[in-house]
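Visitor: Okay, sequence plus prediction incoming.
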4 protein chains.
Amino acid sequence: MNLNFASDNTGPMAQPVLDAIVTANAGAAMPYGNDIWMPQVRDRIRALFAWPGAEVLLVTSGTAANALALSALVPPYGAIFAHKTAHIEVDECGAPEFFTGGAKLILIEGADGRMDPLALTKAIARLGTGNVHGVQPGALSLTNVTEAGTLYSLAQMAELTGAARAAGLPSHLDGARFANACAALGCTAAEMAAGFDIVSFGGTKNGCMGVEAVVLRDPARAWELALRRKRAGHLWSKHRFLSAQMLAYLQDELWLETARAANAAGQRLARGLRAMGAEIVHPPEANMIFARFDRATHDRARAQAQYGLEDDADRPLCRMVCDFTKTDAEVDRLLTLLS
Amino acid sequence: MNLNFASDNTGPMAQPVLDAIVTANAGAAMPYGNDIWMPQVRDRIRALFAWPGAEVLLVTSGTAANALALSALVPPYGAIFAHKTAHIEVDECGAPEFFTGGAKLILIEGADGRMDPLALTKAIARLGTGNVHGVQPGALSLTNVTEAGTLYSLAQMAELTGAARAAGLPSHLDGARFANACAALGCTAAEMAAGFDIVSFGGTKNGCMGVEAVVLRDPARAWELALRRKRAGHLWSKHRFLSAQMLAYLQDELWLETARAANAAGQRLARGLRAMGAEIVHPPEANMIFARFDRATHDRARAQAQYGLEDDADRPLCRMVCDFTKTDAEVDRLLTLLS
Amino acid sequence: MNLNFASDNTGPMAQPVLDAIVTANAGAAMPYGNDIWMPQVRDRIRALFAWPGAEVLLVTSGTAANALALSALVPPYGAIFAHKTAHIEVDECGAPEFFTGGAKLILIEGADGRMDPLALTKAIARLGTGNVHGVQPGALSLTNVTEAGTLYSLAQMAELTGAARAAGLPSHLDGARFANACAALGCTAAEMAAGFDIVSFGGTKNGCMGVEAVVLRDPARAWELALRRKRAGHLWSKHRFLSAQMLAYLQDELWLETARAANAAGQRLARGLRAMGAEIVHPPEANMIFARFDRATHDRARAQAQYGLEDDADRPLCRMVCDFTKTDAEVDRLLTLLS
Amino acid sequence: MNLNFASDNTGPMAQPVLDAIVTANAGAAMPYGNDIWMPQVRDRIRALFAWPGAEVLLVTSGTAANALALSALVPPYGAIFAHKTAHIEVDECGAPEFFTGGAKLILIEGADGRMDPLALTKAIARLGTGNVHGVQPGALSLTNVTEAGTLYSLAQMAELTGAARAAGLPSHLDGARFANACAALGCTAAEMAAGFDIVSFGGTKNGCMGVEAVVLRDPARAWELALRRKRAGHLWSKHRFLSAQMLAYLQDELWLETARAANAAGQRLARGLRAMGAEIVHPPEANMIFARFDRATHDRARAQAQYGLEDDADRPLCRMVCDFTKTDAEVDRLLTLLS
């Protein structure tokens, strides 16, 4: 069984990332981010985001990046507004609660993984301010590419972050698939980041080994963030291997190249499914496709392929994700298995 | 300036570890520890420690390993008994407090980085049990190689863990330099681990990129530990790269080989310092040496070499650490600079 | 303005409770629960609940009682299933998250303040067990009288606690209005408590000054609970004044007598509203009534009476609560104001 | 056995405090601090401390007051400098760690319960600033009357808070026995509070039932403090009974009158002990006396009197505390028992 569509985190490193690790292994290097590559990483991300004063901290998981980012924005008595299917709610075992010291996630409805702006506005208003009995509005957290494999357009992101800002709230972008969103929207990183105060800029799912950048626009809380990273055990001693990964990922637009490859595979898969009349569940806009098949089809396909499955309905829902290495042949083989 | 004795974490990966990462990069692999290498890692560590039912979880920093380990032993209202210079007290920015939900470290005196057994016994007795106004005795945490570069003998460890056990307390070993201690004591890993309930088995300082194993003797709390790891953002998605490092580290006794090399360099440095009549501060028993020099000597040496310095006395104290790559020539060059 | 229907916590102490405080003030008494009244309190509650081994701890607010109770049941990586309008979700500023170290509340739908059993079962199943990425099912928390002023019948409580137990989960009763529920259901305290593992048994809203009993059926976690109470600053030194209140509250069925008075006033108010054709929102089954009036009516009534108001609709929703002192005349005067 | 010198918290309420509770019990009152007495309490404390903009929050235990106060000053990654025998270290079961989210207490040496200024300065310097591996200096916490029954003079307090301020740190006063210190020093409350940013102003040990004021000089963090109080379950609904106690305590200098009575009893006890040549351990400067007797004396005395005992030496150390009700006859009877 070598057809693996279980997640984009099942993929390997892109060759330039691996090469950078090998290169970085020569000789001694100062630890904890004092290596010679980290300043370059910082400069490149500042330029990419057009955030000249930004602080950049590297960690090795999306959960760590998100939870750290939120802990710099939201006090223990604060609320985080997020889509009800957000990774921070569903897939992080309570990491935001842990890192913030017990903040509360307020879940927002919305079709296809996108928050409904009206629902967000209402939820913020419902908490209100000045009510000592309730948690206080803390921050918005938005995910693009969404957990449903759909996209927020730039305008849609601006509407939500604008609503947060109007209520005095900062915004966090869970950018585990930042690159896939950029590539699919055809926008720049600066356009993606425009409305946000802090971004989890993902590398792991898109050709790195394990590196995510927490990018903080206003460095006022940079030192706090650094302390919280250390305290959470996420400050690497041999940090050069994080810097090297991220630098290779940023060079020559590798991050966009791998994202485009993953998206192209995802779109080929979506087209094939549509062509065979499959029941696709959310509009597949990047590298992640949700569809329903009858159980017999799944049984046959899963004998030779791996993908996510919610087996609680007559026609179980599956999630298929393409990483940047997926070939046309692999996609077509999966389509054959499902047809 | 290429003489780097600042820490053993300034060193590179050992070649077999790097090779294993390159090899592991081929094709897709299931995430989150479901790779094909992790079962081998688990089996090897169980055999090495002679703990047949042990749970093994990989993380990427010593701080994470220690804090996670302690969070599985000690409740929020518990006390952790540790030497006053312990890494968990001095160098983890409160990670044990964070991971445990606010446990308290009770600091134990003792010369040369080793807890005085009588001081430990008294401290445990002083807290007592059944006093609702005080935190409750929770666990012992002991570091070998100590932060002073000295060793606990097997008997000394047994005395301390025995005192803990007599009071009903489990014991944690901060084994960031487990291998260096084993090599220096000439004992087996099983002998090192004998009195403990949970061990942080370090790889990072000794030839790995970033991997530490949390080894839990009794798997009763394994699931809790797994959840706490996830919640702290320390469950890697591309976990194969942790498994691969650790497997390479364990194969062909690489871990002992690198530790012996580091210790040999450290001992050569110590002999050289003694020969020149330097003021050595703690008995240098592994790969870490503390010594005092006048300020002029430091100024001269630090123009060409890196090492730790506490510059708050007439004769500032320096810490010099040898990683496994340090050559005789490098050690001798440092000696020349300091002489 | 002396018509106060804002909450049952605007009421005074019942005379026997005040008398008990005065009596308890004579001379010295040992602190921290070692007073001579506390053993009687414990015995009476054990008998009342028919929980012979129960531990009883007194605190002074419902928020403290609930959060402490939950912290004894649910680990930091756990989930608490509660109605979406539960006090622990809406009115405690995140106290459950604080006391548990960051557990997550999973909100359950249901009309009139009651959890829908199917929704509960589905929510428990959705979290599942053994998924390291999600929080783990921790406990059910149920409120009776509900926040909507309605009741769960004994059968309805049994269905929900039974569903929790079937999933291996303990149940907590937020009994801030335990007495009002008992009185309205015509059941015994033992029948109310039957399906639960821990109960917040409220006194404050019903004739005490500030005292709630946390009643833990199985004393296995009693010591932990005692430590958590101390650590939260809720262990009173002059504890005799908590014991005395609770003892007076339990004597001669004062707790039922005051609850019956409050419920009778509430029912009189409900009957009056129905008679005038008012728009009542939830079935008023105890001492708390929700109704909608046009804004002009509210303006007129609120010039002379206090009650809760959600002024975000054409016909704002008000909440009127009767404490045990409310007279027929006061109720009738409020009815006149609203008519 | 009716001679109770176990603690000043074994005493009753002073009559005016009890009377105030009785008076406050008439009719309905708005909850959560919106009663008519709280503004008077706030005004009086502002005047007393000469802190015109101060925020005043009432809670019911010293542990709650201290831990809340510290949580407004110190982040989770911060350090609290306190005497090694401080109540916050020894007698609060980790409440400061709980409320702050895991801050660390750094223990300062010093004879007779008083911090040595040099030891404080060194400890602050040792932590330093800008070291991401260590917790960051957070606040000073000082206790007067000390846990040894001694006093800091105004000059001694100023020296310590000045050292903290010089390092950019705020200072907290644990004033569980604020009144006893004021009375013994013959100073005003404003002089006591002069160097501090936040004060726990105790009432419970000195004639109240259970009330302590957290007094925050600069109201910038008042709202955070209010939220943290609520979240910890310490916002009373029937708050009028806290306001009433505190108001009675402040009126007609009752707080000073009771403190003087307690101190006078303590001094009579000390004089008596000196006269009989007893081995007094710390200079008894207020209402708390420590002395050593042989075991036979203790056995005889404790058959008829209660006091604290550390029975771990040949001549066990006892702690005897006088509350404001202790009569000359009672003191003399205790002296007779011990002679």
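Guide: In hand now; what should we look at?

Visitor: dump the residue contacts of residue A:10.
Guide: Residue A:10 sits next to A:4, A:306, A:323, B:28, B:29, B:30, B:31 when contact means Cβ atoms under 8 Å, 6 or more residues apart in numbering or on different chains. Using the backbone N, CA and C atoms, a C-beta is placed for each residue, glycine as well.

Visitor: need the residues of chain A near chain D, please.
Guide: By Cβ under 8 Å from any Cβ of the partner chain, the residues of chain A that approach chain D are A:32, A:75-77, A:101, A:132-133, A:136, A:224, A:226-228, A:230-231, A:235.

Visitor: one step back: from the contacts of residue A:10, which is closest to residue A:149?
Guide: Nearest to residue A:149, judged by Cβ to Cβ, of the contacts of residue A:10 is residue A:323 at 13.7 Å.

Visitor: count of residues packed around the closest residue to that closest one other than its chain neighbours?
Guide: Distances taken as Cβ to Cβ, 6 or more residues apart in numbering or on different chains put residue A:11 closest to residue A:323, at 3.2 Å, once the chain neighbours are dropped. By the criterion of other Cβ atoms under 10 Å in any protein chain shown, residue A:11 has 27 neighbours.

Visitor: if we can go back for a sec, in ChimeraX, select just the buried ones from the residues of chain A next to chain D.
Guide: In ChimeraX syntax, the buried subset of the residues of chain A next to chain D is picked out as below (16 or more other Cβ atoms under 10 Å in any protein chain shown):
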select /A:32,75,76,77,101,132,136,224,226,227,228,230,231,235
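
Visitor: and which of the residues of chain A next to chain D is nearest to residue C:294?
Guide: Nearest to residue C:294 out of those is residue A:133 (Cβ to Cβ; 27.2 Å).

Visitor: That closest one is in contact with residue C:92, isn't it?
Guide: Yes: the criterion here is Cβ atoms under 8 Å, and residue A:133 meets it with residue C:92 at 7.1 Å.

Visitor: overlap in contacts of those two?
Guide: Common neighbours of residue A:133 and residue C:92 (Cβ under 8 Å, 6+ apart) are residue D:230.

Visitor: show me where pLDDT drops low in chain A?
Guide: Counting by pLDDT under 70, the ranges of chain A that qualify are A:1.

Visitor: at 90 instead, please
Guide: Applying pLDDT under 90 to chain A flags residues A:1-2, A:128-130, A:311-314.

Visitor: what about the strands in it?
Guide: A:3-4, A:55-59, A:78-83, A:104-108, A:136-143, A:171-175, A:198-202, A:212-216, A:279-280, A:288-292, A:305-306, A:308-310, A:317-321 (DSSP state E).

Visitor: The second one packs against which elements?
Guide: In this structure, strand A:55-59 makes packing contacts with helix A:38-49, helix A:62-73, strand A:212-216, helix A:222-231, helix A:240-250, judged by 3 or more Cβ pairs under 8 Å, 6 or more residues apart in numbering or on different chains; DSSP states H and E.

Visitor: what's in contact with that strand?
Guide: A:33, A:38, A:41-42, A:45-46, A:65, A:68, A:211-216, A:219, A:222, A:225-226, A:229, A:234, A:236, A:239, A:242-243, A:246, B:233.

Visitor: Pull out the buried residues from those residues.
Guide: If we count by 16+ other Cβ under 10 Å, the contacts of strand A:55-59 have these buried: A:33, A:38, A:41-42, A:45-46, A:65, A:68, A:211-216, A:222, A:225-226, A:229, A:234, A:236, A:239, A:242-243, A:246, B:233.

Visitor: what about the closest residue to chain C within the stretch 101-250 of chain A, neighbour count?
Guide: Residue nearest to chain C within the stretch 101-250 of chain A: residue A:102 (3.5 Å; Cβ to the nearest Cβ). Per other Cβ under 10 Å, the neighbour tally for residue A:102 reads 28.

Visitor: Check residue A:47 too.
Guide: When neighbours are counted by other Cβ under 10 Å, residue A:47 registers 14.

Visitor: Distance check, it against chain B.
Guide: Counting by Cβ to the nearest Cβ, to the nearest Å, the separation of residue A:47 from chain B is 27 Å.

Visitor: Please apply the same query to residue A:300.
Guide: On the measure of Cβ to the nearest Cβ, residue A:300 and chain B end up 20 Å apart.

Visitor: Could you do residue A:92 as well?
Guide: 7 Å.

Visitor: Once you drop chain neighbours, what's closest to that residue?
Guide: residue A:63 (4.5 Å).

Visitor: Please apply the same query to residue A:31.
Guide: Residue A:31 sits nearest to residue A:237 (Cβ to Cβ, 6+ apart), 4.4 Å away.

Visitor: quick one: contacts for that neighbour?
Guide: Neighbouring residues of residue A:237 by Cβ under 8 Å, 6+ apart: A:31, A:32, B:7, B:9, B:61, B:62, B:204, B:205, B:210.

Visitor: can you do 6 Å?
Guide: A:31, B:9, B:204 (Cβ atoms under 6 Å, 6 or more residues apart in numbering or on different chains).

Visitor: how many neighbours does the first one have?
Guide: What it means is residue A:31. Residue A:31 has 22 nearby residues by other Cβ under 10 Å.

Visitor: my read: it touches residue B:11, true?
Guide: No: with contacts counted by Cβ atoms under 6 Å, residue A:31 stays clear of residue B:11, the gap being 9.8 Å.

Visitor: Isn't residue A:207 up against residue A:14?
Guide: Yes: between residue A:207 and residue A:14 there is a contact under Cβ under 6 Å: 3.5 Å.

Visitor: Identify the contacts common to the two.
Guide: Common contacts of residue A:207 and residue A:14 (Cβ under 6 Å, 6+ apart): residue A:258.

Visitor: can you pull the contacts of residue A:171?
Guide: Residue A:171 makes contacts with A:140, A:161, A:164, A:195, A:196, A:197, as judged by Cβ under 6 Å, 6+ apart.

Visitor: in the sheet, who's paired with residue A:280?
Guide: Per DSSP bridges, the residues bridged to residue A:280 are residue A:291.

Visitor: Against residue A:147, how distant is it?
Guide: Separation of residue A:280 from residue A:147 (Cβ to Cβ, to the nearest Å) stands at 16 Å.

Visitor: These two: which is more packed in?
Guide: Neighbours were tallied for residue A:280 and for residue A:147 using other Cβ under 10 Å; the higher tally belongs to residue A:147 (24 against 15).

Visitor: List the buried residues for stretch A:303-311?
Guide: Residues of stretch A:303-311 classed as buried by neighbour count (16+ other Cβ under 10 Å): A:305, A:306, A:307, A:309.

Visitor: is chain C contacted by it?
Guide: No: if you take Cβ under 6 Å from any Cβ of the partner chain as the test, stretch A:303-311 misses chain C, and the best it gets is 9.8 Å.

Visitor: ends of that stretch, how far apart?
Guide: 15 Å (Cα to Cα, to the nearest Å).
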